[in-house]
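> Got a predicted model here, sequence first, then my questions.
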Amino acid sequence: MADTSTSLLELRDVETSYGLSRVLFGISLTIGRGEMVSLLGRNGMGKTTTVRSIMGLTPPAAGSIRFDGDEIRGLPVYRIAKHGIGLVPEGRQVFPNLTARENLIATAANYGGASEPWTLEKVLALFPRLAERAGSMAHLLSGGEQQMLAIGRSLMTNPRLLILDEATEGLAPLVRDEIWRSLERLRASGQSILVIDKNVKALTRIADRHYIIERGRVVWVGTSRELAQASAIQHRYLGI
């Protein structure tokens, strides 16, 4: 069960720009231990920039980003990752000239000292398709298999927080269902997750809470039940 009494990740008044173009205008959000939270909004509203700000890929100009009580804003990307944040980026970005197995082994680490760390065998059990394709070069995998590989590669770092940017975009329905089932199993195991996706129906089924952002600002926060019942909010901000 999620522990929301203390925050694992906390953003407060984060402002981020690309050059002179401001994208985030005081974003604030929290994720509790074992909680699955979604970040929703139309394209171009700042969802990916929020993720990039957390990871230090696009350093914020102002605000605070705390992870497990430590301020991580301003740290190099590799140190943020070592704190225990794993990213499944938009576009997957697997290593194309390595096999699926080599992609997974290449990122294996346990910086946080997990008592039951992710192993190659555990990842392949989570994604049986990868077990079948473990010896295949990553660029020969289907889009769905590459997404499973990207998730597995991040899990091999044993993250305390798993972030997925566009978790199921462009995937076939059967593959999307498999990804959602895997995320549901991860959540049930106590994995903290921040996910960006457009599938509100799936997200309200498995996530705990949701943030909607519009033009770089949080405009709505609520539980899955509240979002499922807020048809006007969905129509206004998500186009549903």
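Cool, got the structure.

> is the residue most central in space within the chain in a bridge, and if so with what?
The chain has I163 as the residue nearest its centroid, 1.8 Å off, counting by CA atoms, centre = their mean. Legend: beta-bridge partners of I163 under DSSP bridges are L87, L194.

> dump the residue contacts of it.
Listed by CB atoms under 8 Å, 6 or more residues apart in numbering, the contact set of I163 reads V51, I54, M55, I85, G86, L87, V88, I193, L194, V195. Any C-beta I mention is one placed from the backbone N, CA and C, and that applies to glycine too.

> which residues of this structure fall in strands?
Under the criterion DSSP state E, the chain contains strands at 3-18, 21-33, 36-40, 62-67, 70-71, 85-88, 161-165, 192-196, 209-214, 217-223.

> ok, D165 touching R92?
No - assessed by CB atoms under 8 Å, D165 is found out of contact with R92, at 9.9 Å.

> Quick one: list the elements packing against the helix of greatest length in the chain.
Using DSSP state H to assign secondary structure, the helix with the most residues in the chain is helix 173-188. On a contact count with 3 or more CB pairs under 8 Å, 6 or more residues apart in numbering; DSSP states H and E, helix 173-188 meets helix 143-155, strand 192-196, helix 200-206.

> what does the model give T4 for pLDDT?
For T4, the model assigns a pLDDT of 53.

> low-confidence ranges in the chain?
Where the chain drops to pLDDT under 70, the residues are 1-5, 240.

> Okay, and the beta partners of H210?
Assessed by DSSP bridges, H210 has beta-bridge partners S38, G222.

> wait, doesn't it sit right on G222?
Yes - using CB under 8 Å, H210 is in contact with G222, at 6.1 Å.

> The two: which is more packed in?
Comparing H210 with G222 by other CB atoms under 10 Å, the one with more neighbours is H210, at 24 against 15.

> so how far is E35 from the more buried one?
Using CB to CB, to the nearest Å, H210 is found at 11 Å from E35.

> same thing with A202?
The spacing between A202 and E35, counted by CB to CB, is 17 Å.

> When those two are compared, which one has more neighbours?
Ranked by neighbour count (other CB under 10 Å), A202 and E35 place E35 first, with 24 against 20.

> before we move on, the earlier item: got the angle between the longest helix of the chain and strand 161-165?
Interaxial angle of helix 173-188 relative to strand 161-165 (axes from the mean of the first three to the mean of the last three CA atoms, to 10 degrees): 160 degrees.

> Provide the partner residues of the closest residue in space to A61 that isn't next to it in sequence in its beta bridges.
Of all residues beyond its chain neighbours, the one nearest A61 is E15 (5.2 Å), with distances taken as CB to CB, 6 or more residues apart in numbering. E15 has the following beta-bridge partners by DSSP bridges: F25, A62.

> Does E15 touch S64 like I think?
No - using CB under 8 Å as the test, E15 is too far from S64 to be in contact (10.9 Å).
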